Every structure is written in C-alpha cells, then in structure tokens.
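Engineer: compute the structure for the input listed below.
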Amino acid sequence: MYKNIVIPVILDHPEKNKAAFEAARALADEGAHFTLLHVLEDIPVYVSEYVPNDFVVEARKTLRSKLDELSKTLPNCHAAITEGRPGTQILKWAEQNNSDCIVIASHRPNISDILLGSVAHYVVRHAKCAVHVIR
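Structural biologist: Numbers count the residues shown, from 1 in each chain. Alright, predicted model coming up:
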C-alpha cells in the first residue's frame with residue numbers, strides 16, 4: 001500500500017515501537033522505504049543553564065547508535081534525528097521527504113491529553129498523508 005513510511009520512535013517504549021514496526025511491515029509495498037524518526041525535544045531555557053554544554057551532542061550520539069541498531073530490524077530502513085516539538089517535526093519530516101504514511105504509536109489517553117492534546121492526536125489532525133495510529 002505505501003512506499004515511504006515514517007515511524008516516529010520513542011526509545012523508552014520498546015513495546016510500542018515493536019507494534020509500530022509490525023504494522024508498518026504489514027502496510028508496506030514490496031521494496032518500501034522505512035524511516036525511524038526520533039525527535040529530540042528542545043531543552044527549556046529555564047533548565048538550560050543546568051545542563052552541561054555537550055549534553056545535546058552526547059545525546060545525539062547515543063540516540064544515533066540506538067536508532068541505527070533498531071533500523072536493522074526493518075528492511076530498507078534508515079534512522080533520522082530532528083529537534084523541536086515532536087508533532088510539528090514529524091509532520092515536517094514526512095512532508096519534506098515525500099512520505100506517504102506515518103505509523104505512530106500512541107498511549108492510552110489521560111486527562112492531560114484531553115486538555116493539551118497528544119503528539120499522535122496532533123499528527124492525525126494535521127498530516128497531509130495517511131496516518132496509522134497503533135495502541
């Protein structure tokens with residue numbers, strides 16, 4: 001069905017990632033291309049003075065290593081890291097890279113999601129391509 005699939009990943013929820021990978025495989029055309037995308041959120045200004053200068057550089061190295069390992073679990077897959085607000089960056093990446101599908105894992109909603117919204121909710125509402133949400 002899809003040829004260019006983006007899978008946003010959060011490294012501290014491996015069970016969610018596994019379910020998203022399985023769904024992406026099921027939705028993919030033969031020879032499809034997969035991108036594992038991790039969004040490194042900006043450090044708030046009020047916290048930044050307490051964070052070591054090389055924190056972002058080291059965090060990127062660690063993320064890159066973990067994402068590269070994960071990307072070996074899907075054929076024709078590569079990893080990417082971007083920075084900013086997760087929902088916005090996922091959509092920006094998908095549009096700039098001509099993705100035709102986003103497979104995103106979601107958690108069970110709670111009261112804060114009703115008031116503030118979740119990343120998956122934002123992506124579903126604003127994506128210009130197909131979105132499959134995995135629970």
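Engineer: which sections of the protein are below the confidence cut-off?
Structural biologist: Counting by pLDDT under 70, the chain has low-confidence residues at 108-117.
Engineer: helices along that one, start to end?
Structural biologist: 14-27, 45-48, 55-71, 86-96, 111-116, 119-126 (DSSP state H).
Engineer: and the residue nearest to residue 55 when sequence neighbours are not counted, what does it touch?
Structural biologist: Nearest residue to residue 55 in three dimensions, chain neighbours excluded: residue 43, at 7.6 Å (Cβ to Cβ, 6 or more residues apart in numbering). In short, each C-beta sits where N, CA and C put it, glycine included. By Cβ atoms under 8 Å, 6 or more residues apart in numbering, the residues touching residue 43 are 51, 55, 56.
Engineer: ok, now how distant is the spatially closest residue to the first one that is not a sequence neighbour from residue 17?
Structural biologist: Ranked by Cβ to Cβ, 6+ apart and with sequence neighbours excluded, the top spatial neighbour of residue 51 is residue 43, at 5.6 Å. According to Cβ to Cβ, to the nearest Å, residue 43 and residue 17 sit 24 Å apart.
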